[in-house]
Every structure is written in C-alpha cells, then in structure tokens.
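Asks: Below is the sequence, then the predicted model.
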Amino acid sequence: QAQLVESGGGLVQAGGSLRLSCAASGRSFSSGLMAWFRQFPGKEREFVANRDWTGGNTYYADSVKGRFTISGDKAKSTIDLQMNSLKPEDTAVYYCAGRSRRIVSSSQQRAEVYDTWGQGTQVTVSS
C-alpha cells in the first residue's frame with residue numbers, strides 16, 4: 001500500500017524558516033510527480049509547489065514564489081519544502097501528495113489529480 005509520510009512542521013516566528021520532508025513507501029512516483037499542498041481552516045486544499053519528475057519542471061504558487069523551494073530525490077520518491085521568510089498567513093496544515101503517472105502541466109496544480117496523500121503536518125507562524 002502506498003504511503004507518504006511528512007515531517008518537519010512546527011511553530012516558528014514570522015521571518016523564520018522551516019523545512020518539510022516527505023518520503024514515499026510502497027510505491028514509486030518517479031514516473032509521475034510529487035507536490036505540496038496546504039489547507040487553511042474551513043478552506044479547500046491549495047497548491048503550494050510541485051516537482052514533475054518526468055518533465056523535470058518545478059512549479060510554485062504565486063504566494064510562495066521566492067520564499068519556498070522544493071527539492072527532492074526522484075529515485076527515492078522523496079521531496080522537501082524549504083520555507084523561508086515565513087508569514088503568519090502561511091499558517092496551515094501542509095500535505096505531501098503524489099501521482100504515479102505523468103500528466104500535463106496545466107493540470108498539476110489540481111488536488112484531484114494526485115492519488116496518494118500524506119497525513120499532513122501543522123505549520124504555525126506567529127507574528
């Protein structure tokens with residue numbers, strides 16, 4: 001059974017940094033893509049960033065460009081999210097997601113195209 005396990009969330013002051021990590025087991029995503037989403041209370045999950053292993057591309061939401069960096073290991077199906085210059089509005093539950101097959105880039109920001117999700121990790125940024 002495929003699993004994604006996140007780690008690295010926590011509490012940080014505004015302007016600080018955190019690094020999230022995600023590791024896959026039971027399935028390889030090297031032929032597809034992996035991503036980070038976040039969810040605010042009462043809201044739908046929103047796209048943060050993804051790494052397309054087949055196309056070699058990386059995409060970011062406008063709200064995190066220049067502050068967050070996604071990296072990872074295709075062979076191990078792991079991804080990290082380095083979050084710098086954190087703001088209180090980044091406070092959310094962050095989820096790792098994976099899709100085992102490739103898909104066009106225009107669809108990669110949609111949560112419904114990902115077939116495997118982690119349990120989520122809380123990130124809290126205090127002002």
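Replies: It's in.
Asks: drop to CA atoms for contacts and neighbour counts, all remaining ones
Replies: Noted.
Asks: From L18, how far out is D52?
Replies: Per CA to CA, to the nearest Å, D52 is found 23 Å from L18.
Asks: Comparing the two, which shows the higher neighbour count?
Replies: Shown here are D52 and L18; by other CA atoms under 10 Å, D52 has more neighbours (23 against 18).
Asks: Bridged to that one, which residues?
Replies: Residues in a beta bridge with D52, per DSSP bridges, are L33, N57.
Asks: Can you name the residues that contact the residue nearest the centre of the chain?
Replies: Against the mean C-alpha coordinate of the chain, by CA atoms, centre = their mean, the closest residue is W36 at 1.4 Å. Contacts for W36 were tallied using CA atoms under 8 Å, 6 or more residues apart in numbering; they are 47-50, 81, 94-97.
Asks: can you rerun that using 6 Å?
Replies: With contacts taken as CA atoms under 6 Å, 6 or more residues apart in numbering, W36 has the following neighbours: 48-49, 95-96.
Asks: Next: W53.
Replies: Contact criterion CA under 6 Å, 6+ apart gives 30, 32-33 as the residues in contact with W53.
Asks: Check what pLDDT it gets.
Replies: As summarised for this prediction, W53 has a pLDDT of 93.
Asks: same check, this time on Q1
Replies: What the model reports for Q1 is a pLDDT of 87.
Asks: neighbour-wise, which of the contacts of W53 leads?
Replies: Top of the contacts of W53 by neighbour number is L33, holding 27 neighbours under the definition other CA under 10 Å.
Asks: Could you check how far that one is from Y114?
Replies: From L33 across to Y114, the span is 9 Å (CA to CA).
Asks: Give me the common contacts of these two.
Replies: Here L33 and Y114 share the contacting residues 98-99, scored by CA under 6 Å, 6+ apart.
Asks: what about the strands in this protein?
Replies: Ranges of strands within the chain are 3-7, 10-13, 18-25, 33-39, 46-52, 57-60, 68-73, 78-83, 92-99, 116-117, 121-126, based on DSSP state E.
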